[in-house]
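Student: show me the folded form of this:
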Amino acid sequence: MNKVGFFRSIQLKFIIIYILLLLVAVQLIGSYFARQIESDLVDSYKESINDRVDLLNYNLSQTFDKDRSDDSETTLEKDVQHIINDIDIGTFTHMQIINNQSRVIGTNDYQDLEVIGKKVINDMVQKTLLFGSSQDDMLLDAQTENQLYVKAEPIFDATENVVGVIYLESSLEGVYGQLQNINDVFFRGSILAISVSALLGILVARTITRPIIQMRRQAQMMAKGDFSQKVDVYGSDEISHLAETFNNLNDRLKYSMARIEKEQRKLSSILSNMSDGVIATDIHGNINLVNEAAGQLLGRNSNLLMNENLLEVLEIENRVTDIVELETLDSLVIDLSDDDIYLLQANFSLILDEHEKLTGFITVINDVTEQEKVERERREFVSNVSHELRTPLTTMKSYLEALGDGAWQDENIAPKFLQVTQEETERMIRLVNDLLQLSRMDQKEYTLHRRRTNFIDYFHRVIERFQMNLSENITLKHDIPKGPLYVWLDEDKMTQVIDNIMTNAIKYSPEGGTIFCKVSVLEKLGRRSLLVSIADEGIGIPYEYHDKIFDRFYRADKARTRQLGGSGLGLAISKELIDAHYGDIWLESSEGKGTTFFFTLPLMNQKRGNWS
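Tutor: Down below sits the predicted model:
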């Protein structure tokens, strides 16, 4: 935000308002003062004129009442003129004495003495002679444009008859000149007062606006997220209360922002660390929030998903034509399978405002591929178990029905039928036992009885047992170190693993084939493990089946495996047992070139020796 200049600031507005109020006050006071002074000066001047006129009137009344005989040396005109001459001429601009015949008998204007004896037709004089009352007025001199005070005062004789009129014109220029001087002094005083008041106004405005400016700066800092500053409080007036309230607002905003940021960080952390994808859209379906997990699940950069349409991103525009239809949908399973199966489940929920109006959608997506695989494996498992049990049961049923139909009486056939029935029964028992063992492994209900075992001696015993029972058409070779190698081992469980691998090697070895067993030490990342390998020269396993060979009921050659009596659970059990011993098991094989099974077991801590 730009800094506010002085000429646009509230401080200048305060100063201007202060000066304007002062000017209005001075104007009102000056106007009233000027009018009052003018009125007082004019009244004083008129009073002075009236005093002189009264004195002159008295003298003229005596003159008019004076008895003059025919042989008198003086006349009325001379006496009147003599009295006029005794009066200060400067007092009156123009004065005339007029008798009751409306003729001028005296004047103070020596340049206009010819007016004596002439008749006057002035209205003010005529009214005074007629009504015997004093007349006065304020007139403007047409020649000098000065204000004149004009007065007509009647002269009474002893019998109160009007015998004449005193007519005078007196200039008020002196009065207004004096008033102008007073106004000049007042004006200069006003200018000085306004100047001083302007300086005081600046100081007062700064005092008033200082907390406001601080609050403005603080508001700008608050807008940037900085709540560390406080506004200074200078008193206890309204602005101080406003500053205190502003500081309280700052504290509450700081607390609220901290809480909001905490919630946002928590929400961001939750969204970032969720394994489920979260997508938020507006009411039109445009994405405005997406977490990283959603991008990973969809195989796209989450930042590039912003503002895209949800239906297009989820590839469900063929199933949902309008985004509004999501209001009635709880979830959808989205098939994004390519070469491998890949399924996502999308759960939809609504975003409503405080008026329960729809403003957007929240979509939570998760990977249900494994669930689908597990479900398929469960169905396949049930199908395989049913098939594995049905085959011997069908065989047993057929033979038992034949025996029931009379074959039991045939001494040659009956023993064979009973032997087949017994073999199929034992096969079912082995299958059920294997299933029970896997079930206990799945439920973690079995216990390994491990003890410190010299694997070299143990493996020799196992190999010797197979050598004793091995047919002459198959050769068993081995490469086993001489020194002891100690591992924590449950011998019974490990024997089951080796039996499963050796039995498969024997089953699939051709006539004249060789089985090779080897024990060695594997060092990887500073960790020493026992490596056991068992290789045959059988038909081999195609590469695409390597990942599935340890699955339950999986057979690379199903027909031959059933013919040889396999249940398809041996390798699955072996993998579970090796995992329980904290080892690994895998195979290397190619079709027609035999198979090699490897498994590792952690070696116990001991000094290295020469095992060659």
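
Student: where in the stretch 401-550 of the chain is pLDDT low?
Tutor: Residue ranges of the stretch 401-550 of the chain with pLDDT under 70: 423, 427, 430-431, 434-435, 437-446.

Student: show me where it has helices.
Tutor: With DSSP state H, counting those that start in this stretch as the criterion, the stretch 401-550 of the chain has helices at 413-442, 455-469, 491-508.

Student: sticking with Ile97, tell me its helix or strand.
Tutor: In this structure, Ile97 sits in strand 94-99 according to DSSP states H and E.

Student: which outside residues touch whatever helix or strand comes next after that strand?
Tutor: Using DSSP H and E, the helix or strand that follows strand 94-99 in sequence is strand 104-107. By C-beta atoms under 8 Å, 6 or more residues apart in numbering, the surrounding residues in contact with strand 104-107 are 76-77, 80-81, 83-84, 94-99, 113, 115-120, 164. No exception for glycine: its C-beta is placed from N, CA and C like everyone else's.

Student: repeat that for 10 Å
Tutor: Residues outside strand 104-107 that contact it (C-beta atoms under 10 Å, 6 or more residues apart in numbering) are 60, 63-64, 75-85, 94-99, 112-120, 125, 164-167.

Student: report the buried residues of it.
Tutor: Neighbour-count burial for strand 104-107 flags Val104, Ile105, Gly106, Thr107 (criterion: 16 or more other C-beta atoms under 10 Å).

Student: distance of the first one relative to Val125?
Tutor: When distances are taken as C-beta to C-beta, to the nearest Å, Val104 and Val125 turn out to be 10 Å apart.

Student: any common contacting residues for those two?
Tutor: With C-beta under 10 Å, 6+ apart, Val104 and Val125 have common neighbours Gln96, Ile98, Val165, Tyr167.

Student: neighbour-wise, which of the residues you listed leads?
Tutor: Counting neighbours by other C-beta atoms under 10 Å, the top entry in the shared contacts of Val104 and Val125 is Val165, with 29 neighbours.

Student: my guess is that one contacts Phe131. True?
Tutor: No. Under the criterion of C-beta atoms under 10 Å, Val165 makes no contact with Phe131, lying 11.2 Å away.

Student: now do the shared contacts for these two.
Tutor: In contact with both Val165 and Phe131: Pro154, using C-beta under 10 Å, 6+ apart.

Student: from the shared contacts of Val104 and Val125, pick the one nearest Gln147.
Tutor: Distance ranking of those against Gln147, using C-beta to C-beta, places Tyr167 first at 17.6 Å.

Student: so what's that closest one up against?
Tutor: Contacts of Tyr167 (C-beta under 10 Å, 6+ apart): 94-98, 104, 107, 120, 122, 124-125, 128, 135, 150-153.

Student: and what of Leu249?
Tutor: Here Leu249 is in contact with Met215, Gln218, Ala219, Met222, Phe227 (C-beta under 10 Å, 6+ apart).

Student: make JSON lines out of those residues and add neighbour count and secondary structure.
Tutor: Output for the contacts of Leu249, formatted as JSON lines (neighbours: other C-beta atoms under 10 Å; DSSP: H, G, I helix; E, B strand; the rest coil):
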{"residue": "Met215", "neighbour count": "21", "secondary structure": "helix"}
{"residue": "Gln218", "neighbour count": "22", "secondary structure": "helix"}
{"residue": "Ala219", "neighbour count": "14", "secondary structure": "helix"}
{"residue": "Met222", "neighbour count": "18", "secondary structure": "helix"}
{"residue": "Phe227", "neighbour count": "19", "secondary structure": "coil"}
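
Student: how about those residues in a markdown table, adding pLDDT and distance to Thr281?
Tutor: Putting the contacts of Leu249 into a markdown table (pLDDT from 0 to 100; distance: C-beta to C-beta, whole Å) gives the following:
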| residue | pLDDT | distance to Thr281 |
| --- | --- | --- |
| Met215 | 80 | 41 |
| Gln218 | 79 | 38 |
| Ala219 | 81 | 35 |
| Met222 | 80 | 32 |
| Phe227 | 79 | 34 |
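
Student: so which elements touch the strand holding Ile97?
Tutor: Judged by 3 or more C-beta pairs under 10 Å, 6 or more residues apart in numbering; DSSP states H and E, strand 94-99 is in contact with helix 10-65, helix 76-86, strand 104-107, helix 123-131, strand 147-156, strand 162-171.
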